[in-house]
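[1] fold the stuff below for me.
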Amino acid sequence: MKQAIIVGASSGIGYELAVQLAAKGYQLGLVARRLEKLEQLSSSLAAEHFIAQSDVSQAEQAQQQLTDLIEKMGNVELIILNSGVGQQEKQLDWPIEREMIDVNIRGFAALTVVAMNYFRERGNGHLVGISSVAAHMSGGMAPTYAATKAFVSSYFNGMRSRAEYSKLPITVTTVEPGFVDTPMVQGSPIWTSTVEKAVSQLVTGILNKKGHIYITKRWRYVAWLLNIMPKWLMRRLF
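    Sure, this is the predicted structure:
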């Protein structure tokens, strides 16, 4: 049986990933802070799955918990790092910034190290990281969130290079969603996708071992536009 781990599986994209991957025959390791949500999710899925309570902001502890889960499952071929925190910053507030940095950067990088080292020992594997189209922005209303997602996208570019240098069949996939109808998205911005549609496209890209996935596909053009936009214009718009 194919095995996959989803970090950040208790809601939103991670929850729907569990539903759709389980339907495709994966045995899952479900990881999140909220144990009761994981138990509810696991019991709603067909077959037997694993759950692990973990707080990604506690980076070293989360590393050990992921390592333990991998050992318990035995032959994990796909690891998806989906945990993320995002808030607008109408006022500069260090506790809010620190939480985003602890989860989106420290925790993300710590778990990436565990996953990449495991796949090197295994000889192959597939690592997926959820970034954001915000990685291409530098606006004043959410500067920390955008910066953390820029780190994720850049960091995974480096991991992709390391995978190539290793000469091993390790796939590293960067996912950059636009607006998806999850609790993190406030209001109803343009081009907001349902979670089901977004994850359906994501799963297709994962199964095809794409290196870079935009959700939905039209957001690749937004990312391209943001990359060429003058900084002075971006500051006025965002």
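[2] how about the longest helix seen in the chain: buried residues?
    Looking across the chain with DSSP state H, the single longest helix is helix 143-166. For helix 143-166, the neighbour count (16 or more other C-beta atoms under 10 Å) marks 144-153, 155-156, 159-160, 163 as buried. Yep, even glycine has a C-beta here, placed from its N, CA and C like the rest.
[3] other residues contacting it?
    With C-beta atoms under 8 Å, 6 or more residues apart in numbering as the test, helix 143-166 has contacts from 86-89, 96-97, 100-101, 104-105, 108-109, 112, 116, 120, 127, 129-132, 134-139, 170-174, 176, 211.
[4] quick revisit: relative to residue 55, which of the buried residues of helix 143-166 is nearest.
    residue 148 (16.9 Å; C-beta to C-beta).
[5] nearest residue to the closest one other than its sequence neighbours?
    Of all residues not flanking residue 148 in the chain, residue 104 sits nearest, at 3.6 Å (C-beta to C-beta, 6 or more residues apart in numbering).
[6] the one you found: neighbour count?
    26 (other C-beta atoms under 10 Å).
[7] equivalent analysis for residue 137, please.
    Using other C-beta under 10 Å, residue 137 is surrounded by 22 other residues.
[8] just residue 136 next, same as before
    Residue 136 has 22 nearby residues by other C-beta under 10 Å.
[9] identify the residues contacting it.
    Neighbouring residues of residue 136 by C-beta under 8 Å, 6+ apart: 150, 176, 222, 223, 226, 227.
[10] now for the helix or strand hosting the second one, which elements pack on it?
    Think residue 176. Assessed by DSSP states H and E, residue 176 sits inside strand 170-177. Counting contacts by 3 or more C-beta pairs under 8 Å, 6 or more residues apart in numbering; DSSP states H and E, strand 170-177 is packed against helix 108-122, strand 125-130, helix 143-166, helix 195-207, strand 212-215, helix 219-228.
[11] quick one on the thing from earlier: now do the longest helix of the chain against strand 125-130, angle only.
    Orientation note: helix 143-166 sits at an angle of 160 degrees relative to strand 125-130 (axes from the mean of the first three to the mean of the last three C-alpha atoms, to 10 degrees).
[12] what residues does the helix or strand of the chain with the lowest mean pLDDT touch?
    One helix or strand of the chain scores below all others by mean pLDDT, DSSP states H and E: helix 231-237, with a mean of 77. Helix 231-237 has contacts (C-beta under 8 Å, 6+ apart) with 137, 138, 139, 140, 226.
[13] if we go to 10 Å?
    Applying C-beta atoms under 10 Å, 6 or more residues apart in numbering, the contact partners of helix 231-237 are 136, 137, 138, 139, 140, 226, 229, 230.
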